[in-house]
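Peer 1: attaching a predicted model along with its sequence, questions to come.
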Protein chains: 4
Amino acid sequence: MEAARLHEYTEEMDQALQIDDVDEPTVSEPTDVIVEVTGAGWCQTDNHIIEGMWTEYVDQTLPMTLGHENAGIVREVGDLVDTVDVGDPVICHPVQTCGVCRPCRLGEDMYCEHSVFNGLTTDGGFAEYLHTSDRATIPLPAGVDPTEIAPHADAGITAYHAAKKAVAELNPGDTAVVIGIGGLGHIGLQCLQAMSAATIVAVDLKQEALELAADLGADETVDSSDEDVADAIASITDEVGAQQVLDFVGRDETTALAPDITAAGGDHHIIGYGGMITEPAQALVNGEFAFRGTLVGQYTELQELVALVDRGDVTLHTDHYSLDEVNTVAERLEHGEIEGRAVIEP
Amino acid sequence: MEAARLHEYTEEMDQALQIDDVDEPTVSEPTDVIVEVTGAGWCQTDNHIIEGMWTEYVDQTLPMTLGHENAGIVREVGDLVDTVDVGDPVICHPVQTCGVCRPCRLGEDMYCEHSVFNGLTTDGGFAEYLHTSDRATIPLPAGVDPTEIAPHADAGITAYHAAKKAVAELNPGDTAVVIGIGGLGHIGLQCLQAMSAATIVAVDLKQEALELAADLGADETVDSSDEDVADAIASITDEVGAQQVLDFVGRDETTALAPDITAAGGDHHIIGYGGMITEPAQALVNGEFAFRGTLVGQYTELQELVALVDRGDVTLHTDHYSLDEVNTVAERLEHGEIEGRAVIEP
Amino acid sequence: MEAARLHEYTEEMDQALQIDDVDEPTVSEPTDVIVEVTGAGWCQTDNHIIEGMWTEYVDQTLPMTLGHENAGIVREVGDLVDTVDVGDPVICHPVQTCGVCRPCRLGEDMYCEHSVFNGLTTDGGFAEYLHTSDRATIPLPAGVDPTEIAPHADAGITAYHAAKKAVAELNPGDTAVVIGIGGLGHIGLQCLQAMSAATIVAVDLKQEALELAADLGADETVDSSDEDVADAIASITDEVGAQQVLDFVGRDETTALAPDITAAGGDHHIIGYGGMITEPAQALVNGEFAFRGTLVGQYTELQELVALVDRGDVTLHTDHYSLDEVNTVAERLEHGEIEGRAVIEP
Amino acid sequence: MEAARLHEYTEEMDQALQIDDVDEPTVSEPTDVIVEVTGAGWCQTDNHIIEGMWTEYVDQTLPMTLGHENAGIVREVGDLVDTVDVGDPVICHPVQTCGVCRPCRLGEDMYCEHSVFNGLTTDGGFAEYLHTSDRATIPLPAGVDPTEIAPHADAGITAYHAAKKAVAELNPGDTAVVIGIGGLGHIGLQCLQAMSAATIVAVDLKQEALELAADLGADETVDSSDEDVADAIASITDEVGAQQVLDFVGRDETTALAPDITAAGGDHHIIGYGGMITEPAQALVNGEFAFRGTLVGQYTELQELVALVDRGDVTLHTDHYSLDEVNTVAERLEHGEIEGRAVIEP
């Protein structure tokens, strides 16, 4: 089958991945599931992987098929698989977990002590077929198209996971700021909207992104190419600040907003990455705020997100590409030329 | 009366404060309380105030009497005061709050929109008498000596507040790391001990501090002058990391430990300050940990800490000084020559 | 001024209250506030008070002016009042609190150790003027009519308080059941709708109530005059049960639904009352569910509800009556002839 | 092998179970584990099962080997078992779970949609060997004797689970009441002691039980054969009531204490059962308290309890019996003649 594989770390996105002919995966363990991939979302993290930014944190063996946002149709299952059947449309949680370590037993899939991560530490789904397991597949409700929903496998649950943590701290009258209305941000905004009654402020430097935010229900928008973000948030919140900030960008200049826009006791959630946090310890003490990291989300959170999609509470803005266009997608994303989410159809 | 006042910001601790003769405070509002100060703890924050480190965060008018850890005997009360009577031994919460803004109504005293902070934004208790209010005084149970307990007014509740947040996340089998077994750290360690069944690891670079930690119940001690802290924590926790880290130091080198010693999903609490947090956003994402600021604690938390003291669960290690020794104390603390907490007896 | 007062406990609602001429209240304490009442909601609890159902729980001195759901215009304030000014439109939290006991300091107004409750333990607002305090008044945003919003002072926050507790436990895909779509229930339903993405099931035995529920956004309705409620919930939830049940009725037959309709780990919130809970301890063990009582709500929750109203997320269905119609209202409510909420305009 | 089996429901405890000769269990599924039982605790629930009290709640096929508190040595494992090896000392969680349903994925083992419960819905461990699974076995730390620890498999985690819920609500200065210092209660008390700094009040009608409670660290004891419990709690708590009540008895007279001994906002945890809850809905509203059911505890909670045992924070008071003494044990427990916990050694 065809698979888009990374052979060498590079900054050159136009020659990032190579379309190789590889063997189709087959079931070897009784809990294995083979999925025919109908949609595979392209993520900013794919660019980061290509650049070699993850080598410091995880072990990677190249060549590797990228792609961690997969959905499709089950084609083969091991003997012990009960959750899905051949022919079922499914979305794939990106992490394949052991199910028996303490984090797994707590429901904390992301902290599994024996996990592999599609397209990051094992072959992913920019390919015709994906080798995964019963613990990583969720059957879709009737009417939900796996090709269309694919980006929820990572962009979706990551945004949902952060939004859920924020919602737990938000009361009516409070303010949530969403920085970056891109692939993840536009989902996070809708999750906040569906699950809280907070005032939602969208911050972006592109006009189209702010228009999308307004369409999706943002109460206020701030154009950071033009306005001082701290002043704008102070004005919207009567100088109190935002109780929760979801930073889907994670650059130096967005993390630096925290002390000025976060209310006392509030959180600045780090979801996007690439930049640094550089802050005096005293600033966190004085404002009693937190920088909280966000790493994807649990299997059960992906179930919850599928429920939101099924209710019509979250819609995705996607564009579709064929497998041999992966490098075009990589390049466009690098230049900020993709609105919403690009989906590869292998 | 005599009061130790700051006239000018300085790095010279041996001439930091000046003993001035000032008017005794009197009741002007019906909720005012005048306390004869019998003990006033000296805090690292006093050094930071003297150096001018707080001018960026709060408004200060010099000269100002420092001292935010006060306890003593009530000498005068306003007409509407019900919580305490003349003659009562009390401990004074350092923040005088309005009681009617939304944070006050939520019990979040530290976020009061109209507060003043003893010895930081208004005259404090390195003086014979302190002007405070009914909302900032807590009567002491019989047998608790106000002079002895004074440092709990700030060192105590700050440590308690951080420990309480940590305890909420700690299960038996989990690990809590306490960095810095000084004035606050030795209290925080005892609070963790009293309120959780986690494994407690004390980290310090002084042998006497580690001995104190072991006496107070630390399960493990790590000498950071000699051992690699990350290696030590990895070994103690079977490579999982510590679920909760209480950083009572807050220097560059202690905040930098976070990604290496914090377990996935864990928190690095910033309590001490002075240094920087400098970390790639990606590190927080990869480890899904948080840097959480800690700002003193609520009035009700000081009540809870007094209950712990009354039970015998928390003891203070103090040395006592007269008012004219304040600069000696400031200098000794600057050079790390004070174990436990220095208490001024004005 | 005119006031509708209870002179004697009675089951005869047509002669429940007497319109008396009494002295207008005036400011005596520096924190007092006098409100000209423009709207005062009539509550099922007023009927219960008239029947003497509260004598076992609280001290009451008759004659007493009833009315605990009040809003209007501030007419006089004490010297220390900062929260409101003469002329401000306000809604009145029904409980006047001391502000200094530990529950007050925690923000738990309802547990205040020195409170009085309008129309339950002190004179209420079925009168031209109400004597209350700064801690019990909330200024209204521009455009919110105090007459229209009055029932939120008790019906509203009680429903909101229960809904907020439920929302904290509800994930997308979960089910919340609202039993009784009357004065409180129709508010609770809207709060759930605004603050969660759970499936909402409305249960009532009147067709108009179920139509109102559907209009307000209920996902499913169950006509308990016709359908077996347990069967209906089982079918809606794939036999799992509802994670949260809000029982705004509180009769024997509604509390008895708990073991059959509540999911494992779920809660049956007791908001309405009048009936008994009669259940084997074993049923709670087997289903690990809880019966959780709900007593009005905090001052800060009334602030949050006002924010919801201001956003347009919660609307009230009210009918208006003059002060001399109080007994007509009492009788109609007794016979289930009032949809939404009756508001007295003194 | 020999197994103590229930053939018929009966009130006659002296002829409750029959020692039968049955086939030894063997591995049939790849996740199966066969444990040689060295200790099996006898539980009040065994008496309730014998009386037929569970037939209304679960499906049972007689004859059935009872025994749900098992520990021993692993003797055989299926091909996919990674958590334990042959020869390992283990404690067995009483519930064998599927691992893939949503409750299992959330870590909520007790709500597993496909579980079997040892000695309740499938054969248990009053036998030489127990057939269980990898998801239900926890290896023991060196030095922890499986025979001695067996009762923690159910008595232990049930008490721990309730205590953990209580601890989350308890602050220093608060009061926790433990009703019934028997097999579960004496464990629950130690868990509260290890994980909170609340004042602990033990209530029992037997002097020896109260002495045990005092030895284990209860701050106060109340002899309910002699004192009015409500008066005693009022006096201990300055009329505030207990924030958390753990009712390990669950009879009519203990559940009836709730409105009189529970503080506003508090919980009365139902752990023991057999009696009824009979309370006006109004009582729960007036006191805003909850009756919360408790059903055993999660696998991860059993891990946490093992950690407590390993720390020396929880000790068990046990007496040991041979398999053919089961009916003697059943009878003695029925008559309240067993202190601590009886352990069968098959």
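Peer 2: Okay, I see it.

Peer 1: need the residues of the stretch 51-200 of chain A near chain C, please.
Peer 2: Taking Cβ under 8 Å from any Cβ of the partner chain as the measure of proximity, the stretch 51-200 of chain A contacts chain C at A:A168, A:N171, A:P172, A:G173, A:A194, A:M195, A:S196, A:A197. Where you see a C-beta, it was placed from the backbone N, CA and C, and this is true even at glycine.

Peer 1: among those, which one lies nearest to chain B?
Peer 2: Using Cβ to the nearest Cβ, A:G173 comes nearest to chain B of those, at 8.4 Å.

Peer 1: isn't the closest one up against C:L302?
Peer 2: No. Applying Cβ atoms under 8 Å, one finds A:G173 not in contact with C:L302, separated by 11.0 Å.

Peer 1: between the two, who's got more neighbours?
Peer 2: Under the criterion of other Cβ atoms under 10 Å in any protein chain shown, the comparison of A:G173 against C:L302 puts C:L302 first, with 25 against 21.

Peer 1: from the chain's centre, how far out does the helix or strand in which that one is found sit?
Peer 2: Mapping C:L302 onto the secondary structure by DSSP states H and E places it in helix C:299-311. Here the centre of helix C:299-311 is set off from its chain's centre by 14 Å, with Cα atoms, centre = their mean, to the nearest Å.

Peer 1: next one: stretch A:51-63
Peer 2: Using Cα atoms, centre = their mean, the distance between the centre of stretch A:51-63 and that of its chain works out at 19 Å.

Peer 1: go on, stretch A:191-199?
Peer 2: For stretch A:191-199, the distance from its own C-alpha centre to the chain's C-alpha centre is 19 Å (Cα atoms, centre = their mean).

Peer 1: before we move on, the earlier item: does the helix holding C:L302 reach chain D?
Peer 2: No. Helix C:299-311 does not reach chain D (Cβ under 8 Å from any Cβ); its nearest approach is 13.1 Å.

Peer 1: which residues does that helix contact?
Peer 2: In this structure, residues lying in contact with helix C:299-311 by Cβ atoms under 8 Å, 6 or more residues apart in numbering or on different chains are A:171-173, A:197, B:102, B:105-106, C:91, C:93, C:97, C:107, C:109, C:135-136, C:138, C:140-141, C:143-144, C:149, C:152-153, C:156-157, C:160-161, C:164, C:190-191, C:194, C:297, C:314-315.

Peer 1: and the residue lying closest to A:N171 once chain neighbours are set aside, how far is that from C:A155?
Peer 2: For A:N171, the nearest residue in space outside its immediate sequence neighbours is C:E304; the separation is 4.9 Å by Cβ to Cβ, 6 or more residues apart in numbering or on different chains. Separation of C:E304 from C:A155 (Cβ to Cβ, to the nearest Å): 15 Å.

Peer 1: who has more neighbours, those two?
Peer 2: Looking at C:E304 and C:A155 with other Cβ under 10 Å, you find the greater number of neighbours at C:A155, namely 29 against 23.

Peer 1: wait, isn't that one in contact with C:C43?
Peer 2: Yes. The pair C:A155 and C:C43 qualifies as a contact (Cβ under 8 Å) at a distance of 6.1 Å.

Peer 1: what pairs with the helix or strand encompassing A:V177, parallel or antiparallel?
Peer 2: A:V177 is part of strand A:175-179, with elements assigned from DSSP H and E. In the sheet containing strand A:175-179, the strands it pairs with under DSSP bridges are strand A:199-204 (parallel), strand A:242-247 (parallel).

Peer 1: JSON lines for those, including distance to D:Q18?
Peer 2: Rendered in JSON lines, the data for those read as follows (distance: least, Cβ to Cβ, whole Å):
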{"stretch": "strand A:199-204", "distance to D:Q18": "67"}
{"stretch": "strand A:242-247", "distance to D:Q18": "62"}
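
Peer 1: is A:D82 within a helix or a strand, and which one?
Peer 2: Take DSSP H and E as the rule and A:D82 turns out to sit in neither a helix nor a strand.

Peer 1: and the gap between it and D:D88?
Peer 2: Here the criterion is Cβ to Cβ. By it, A:D82 lies 28 Å from D:D88.

Peer 1: more crowded one of those two?
Peer 2: Set side by side, A:D82 and D:D88 show more neighbours around D:D88, with 19 against 13, by other Cβ under 10 Å.

Peer 1: about what we covered before: joint contacts of C:A155 and C:C43?
Peer 2: With contacts defined as Cβ under 8 Å, 6+ apart, the residues shared by C:A155 and C:C43 are C:E69, C:G183.

Peer 1: pLDDT below threshold where in chain A?
Peer 2: Under the criterion of pLDDT under 70, none of chain A is flagged as low confidence.

Peer 1: what parts of it come near chain B?
Peer 2: Residues of chain A that fall close to chain B, judged by Cβ under 8 Å from any Cβ: A:48, A:53, A:57, A:103, A:108, A:110-111, A:250-251, A:255, A:263-265, A:267, A:270-295.

Peer 1: of those residues, buried ones?
Peer 2: A:53, A:103, A:108, A:110-111, A:250-251, A:255, A:263-265, A:267, A:270-277, A:279-295 (16 or more other Cβ atoms under 10 Å in any protein chain shown).

Peer 1: check contacts around the closest residue to A:D313 other than its chain neighbours.
Peer 2: Residue nearest to A:D313 in three dimensions, not counting chain neighbours: A:A194, with 4.0 Å by Cβ to Cβ, 6+ apart. The contact partners of A:A194, by Cβ under 8 Å, 6+ apart, come to A:L308, A:R311, A:D313, A:V314, C:P172, C:A197.

Peer 1: dump those residues into TSV; add neighbour count as well.
Peer 2: Below are the contacts of A:A194 laid out as TSV (neighbours: other Cβ atoms under 10 Å in any protein chain shown):
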residue	neighbour count
A:L308	24
A:R311	15
A:D313	16
A:V314	28
C:P172	25
C:A197	25
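
Peer 1: hmm, the longest strand belonging to chain A in reach of chain D?
Peer 2: Residue-count comparison of every strand in chain A, with assignments taken from DSSP state E, identifies strand A:32-42 as the longest. No. Taking Cβ under 8 Å from any Cβ as the criterion, strand A:32-42 and chain D are apart, separated by no less than 11.8 Å.
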